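Novice: next come a sequence and a model predicted from it.
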Amino acid sequence: MIESKEYADPEKGDNHSSSTAAESVTEKERTQAPESPLRPPYRSKYLHPVESPSISISDSERHDTFDPTLPTPTTTASRPRAYSRTQTKSPHVGSNSQAYQAGGDLSRIASGLSRMSSRQANQLESDLRRHISIHGKRRHSEGIMEDRAVVDLGNGEEEVMIVDWIPDDPDNPFNWPTPRKYAILLTCVFITFTGAASLVSVGILSTWGPEYFDVSREVFLLQLTLPMLAIAFTPMVLAPLSELIGRNMIYQVTSIINLLLFIPQCLSKNHNGVLAARFFQGMAMSVGNSMVGGTVADCFYPRQRGIAMGVFSVMIFCAQGSGIPAIGWIGQNLGMRWSYIIQTVAAALNVILNAIFLRETRADVLLSRRAKKLTKKTGKKHLCAADLQKSSFFTMMRISLIRPFQYLITEPIVTALSAWIGFAWSCVFIFGSSVILVFEAYGFNPAQAASFEVTLAIAAFIGFACQFHQDHLYRKAALRNNGKAPPEARLYWAAYGGLMFPLFCFVYAWTARAGVVHWAVPAVCLVGCYTGIFMMYTGVFTYLADAYEIYSSSAQASQSFVRNLFSGLFPLFSRQMYRGMGYQYASTLVAAIALVLAAAPFLLIMYGKQLRKRSKVCSTLYKED
């Protein structure tokens, strides 16, 4: 069985590989004529060779299909070798049928596409990509690799051409210039930045908002709760949709919707109308929370994603660390209406940047579009490997909606990590109320007190620096385990962060005493709390990606749902909790709960391997390690 390593995608909906086939083919395999459709180590349990008579092709077809400039077997090639029609063997992708009698040597898949599990379908796609990289021909006029296949997509068998990227194809997002990749990344990160800043600013705006809208503070805070609920659910619909139509269209449309929904917030004092706008705005903002990680996976090889994902994580914290103070000063000095106007300007800038810099990055969608153009041009059906396992949108959405909740209930690993990171992330929002109360007691006005949330940004850069040592520990673990580290090696610094968070929270609780302890001491403690949460945040993402591989999208959706749900609900009662219990005891309660939950990463480091072996999902992946 082939071991596929391209599927560890941290973002929902990205359980299909879009890596170029060239990365998975060694130089020896490029220059060695294969004897079967998938030679070792490419022998697949899904494809079995079946002999079938070959057919001749016309000179015109040969001229368009084969590139005469491809290197010979004795030449060191920069792309896979093309073989003659009689040498090439095409995969037969169908179910329970006899050898198709209209092509070269064929092979039959062990089971029908309609009966395949997600794992089998992804493995088949990987096998086909590897097959085309060795056996395929380069279409001279289109710059793609292709090979014949017989498929049964539910309407009977038909012969098609399966296409894939050539290794150096400039249209493949992996081959785009680095400046272009980072321009797209930073544009997507700006979407996340403005969305996160808008959400967390509700906490400081609750100082003036209830009077502006003539509602209670609890009702005003629904401006945070409703969009957070929308963010928790919407990715489960947008993720399968992005697999069908691509990411760019979703980015462009949601940015326009986000901008338009700021208009009633700027012009109206009808709070019910504003709440409706905020809820639908949360649906639009969800792309910054759920799709940016997928965009990173689209453009960067796994070995290159560490820095890119680090930039994404840092900017989420910086958005909250700068958004709260900025909106606080605007609200205090210019009024509520201007706080919404400034956010509208940022949303308009989002629309402009998206239109200028964003392009489709999902390789499977781009390749599928190219295949459709070839179908229209040649009259012969062309498909990419990913097209063979695409379900209907409603089927994909059903899986996307059900599987995360199934994992949340039946997978102890997902349950424990979701509770751990969900509570920790909600504390970022709880501290939004705590910080204002604590530092107002020192004599600061609301805007000045909100400025202490800049500790979030400071903590993000400290946590990002710690990630370099975490990567070092992970590489050492890989050397001890024949090049593949166990997923638990992703949790070392996350475990430290899990202890830092409650430790500094305890100190923050009992040093935040105006007139007794200088305000700088609780401010430093906030940096320690947020640094711990940052390391927990990044550790959970990378661990779930490694542990659940092609199923990581659903595992990530589970923890994201809990994280956003808690973050939307906890601020509704955090201010009352701090005033009712007292600042010291309220923070102590938070720290005590965090300390109990901090056992989760340590238990996973010690017993994670055994838990993965017992897991219904991870056990299949574990057997193939």
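Specialist: Here it is on my side, so go on.
Novice: which regions of this protein lie under the pLDDT threshold?
Specialist: 1-124, 131, 134-136, 139-143, 151-156, 303, 389-393, 550, 619-625 (pLDDT under 70).
Novice: and it, what are its domains?
Specialist: Using the TED database, the domain ranges for the chain come out as 173-359, 400-612.
Novice: next, format those domains as JSON lines and append mean neighbour count.
Specialist: For the C-beta atoms, the positions are set from N, CA and C on the backbone; glycine is no exception. Listed next are the domains of the chain as JSON lines, based on neighbours: other Cβ atoms under 10 Å:
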{"stretch": "domain 173-359", "mean neighbour count": "20"}
{"stretch": "domain 400-612", "mean neighbour count": "20"}
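Novice: who wins for proximity to Lys137 among these?
Specialist: Minimum separation from Lys137 across the domains of the chain (Cβ to Cβ) falls at domain 173-359, 20.2 Å.
Novice: any idea how far apart the tips of that closest one sit?
Specialist: 10 Å (Cα to Cα, to the nearest Å).
Novice: out of the domains of the chain, flag the one nearest Met161.
Specialist: Nearest to Met161, of the domains of the chain and by Cβ to Cβ, is domain 173-359 at 21.3 Å.
Novice: would you pull up how far the closest one lies from the middle of the chain?
Specialist: 16 Å (Cα atoms, centre = their mean, to the nearest Å).
Novice: please enumerate the strands of the stretch 101-250 of the chain.
Specialist: In the stretch 101-250 of the chain, the strands defined using DSSP state E, counting those that start in this stretch lie at 105-109, 137-139, 144-152, 157-165.
Novice: now Phe534, nearest residue through space, not along the chain?
Specialist: Nearest non-adjacent residue to Phe534, counting by Cβ to Cβ, 6 or more residues apart in numbering: Gly463, 3.3 Å away.
Novice: ok, that neighbour - contacts?
Specialist: Each residue near Gly463 by Cβ atoms under 8 Å, 6 or more residues apart in numbering is listed here: 313-314, 317, 497, 530-531, 534-535, 538.
Novice: roughly how far out does the helix or strand containing it sit from the chain middle?
Specialist: If you go by DSSP states H and E, Gly463 is part of helix 455-480. Here the centre of mass of C-alpha atoms in helix 455-480, compared against the chain's by Cα atoms, centre = their mean, lies 19 Å away.
Novice: please enumerate the helices of the stretch 151-300 of the chain.
Specialist: Taking DSSP state H, counting those that start in this stretch as the criterion, the stretch 151-300 of the chain carries its helices at 178-205, 209-213, 217-220, 222-233, 235-245, 248-260, 263-267, 271-290, 292-299.
Novice: CSV for the ones you listed, including distance to Leu456?
Specialist: Shown next, in CSV, are these (distance: least, Cβ to Cβ, whole Å):
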stretch, distance to Leu456
helix 178-205, 9
helix 209-213, 21
helix 217-220, 22
helix 222-233, 16
helix 235-245, 23
helix 248-260, 23
helix 263-267, 24
helix 271-290, 17
helix 292-299, 18
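Novice: can you tell me which of the contacts of Gly463 lies closest to Met228?
Specialist: Nearest to Met228 among the contacts of Gly463 is Phe317, at 16.9 Å by Cβ to Cβ.
Novice: hmm, Thr538 and that closest one touching each other?
Specialist: No: counting by Cβ atoms under 8 Å, Phe317 sits too far from Thr538 to count as a contact (10.4 Å).
Novice: for the contacts of Gly463, name the two members farthest from one another.
Specialist: Farthest pair in the contacts of Gly463, by Cβ to Cβ: Val314 and Gly497, 14.8 Å.
Novice: Tyr551 and Val617, how far apart?
Specialist: In this structure, Tyr551 and Val617 are 5 Å apart, going by Cβ to Cβ, to the nearest Å.
Novice: common neighbours of these two, please.
Specialist: In contact with both Tyr551 and Val617: Tyr407, using Cβ under 8 Å, 6+ apart.
Novice: put the alpha carbons of stretch 376-393 into CSV.
Specialist: Output of stretch 376-393 as CSV, limited to C-alpha atoms (Å, rounded to 0.1, in the frame of the first residue of the first chain):
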residue,chain,number,x,y,z
LYS,A,376,-14.8,21.0,-25.4
LYS,A,377,-11.8,21.3,-27.6
THR,A,378,-11.2,17.6,-28.4
GLY,A,379,-14.7,16.1,-28.0
LYS,A,380,-13.2,13.4,-25.8
LYS,A,381,-14.0,13.5,-22.1
HIS,A,382,-11.2,14.6,-19.9
LEU,A,383,-11.1,14.4,-16.1
CYS,A,384,-8.6,15.0,-13.4
ALA,A,385,-8.0,12.4,-10.7
ALA,A,386,-9.9,14.4,-8.1
ASP,A,387,-13.1,14.4,-10.3
LEU,A,388,-13.4,10.6,-9.9
GLN,A,389,-14.2,10.9,-6.2
LYS,A,390,-16.3,14.1,-6.2
SER,A,391,-19.7,13.5,-4.6
SER,A,392,-22.7,15.8,-5.1
PHE,A,393,-22.7,19.0,-3.0
